[in-house]
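# generate coordinates for the sequence data below:
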Amino acid sequence: MEVKHFHAGEHPLEVHMLVTKTASGIIVQLLGGDRPHIGATVVTHPRPSLLSAEQVSCNSIVIPELGHKEDELAKPLAEKIAKKMNSPVVLVAGIHVDKAGTADIEQITRLCRDLVDNFLANSSTG
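Numbers count the residues shown, from 1 in each chain. All right, here's what the predicted structure looks like:
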């Protein structure tokens, strides 16, 4: 088992990403803001694309908490990790910033994408 911690931004526009690589998959936690929480959970499995054997697709289950929007960010990030690492992924996201405006949400989204890209750039495939 391997555990890595990544961090980006400054409070309250900050995100922590904890990645645990196990023998059977990858567990990712994306948490931050004023109140880290469970906002959405995604379970995804990579598989050959139905359109092309050279492409990878995913079967994903998304469980958003009522009234939360993290699923819109969590699903594409979980699938990106699963495809690149060729591994099942469970991703839990929960980032709440009090009175967040559009620019704040865009910044949090960028931070999350950057953290995932950093992890993938420094990881070997499963």
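
# what is the helix or strand harbouring residue 59 packed up against?
For residue 59, the element it lies in under DSSP states H and E is strand 56-64. Applying 3 or more Cβ pairs under 8 Å, 6 or more residues apart in numbering; DSSP states H and E, we find strand 56-64 packed against strand 40-48, helix 71-85. From N, CA and C alone the C-beta is placed, and that goes for glycine too.

# with only the CA atoms kept, save that strand in CSV.
Coordinates of each C-alpha in strand 56-64 appear next as CSV, following Å, rounded to 0.1, in the frame of the first residue of the first chain:
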residue,chain,number,x,y,z
VAL,A,56,-10.3,3.0,-22.6
SER,A,57,-13.6,3.9,-21.2
CYS,A,58,-15.1,3.5,-17.7
ASN,A,59,-18.1,2.1,-16.0
SER,A,60,-18.9,4.5,-13.1
ILE,A,61,-21.4,4.8,-10.3
VAL,A,62,-21.9,8.3,-8.8
ILE,A,63,-23.5,8.9,-5.4
PRO,A,64,-24.0,12.6,-4.7
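
# residue 49 against residue 58, yeah?
No - if you go by Cβ atoms under 8 Å, residue 49 and residue 58 don't touch, sitting 9.5 Å apart.

# out of these two, which sits in the busier spot?
residue 58 (20 against 13; other Cβ atoms under 10 Å).
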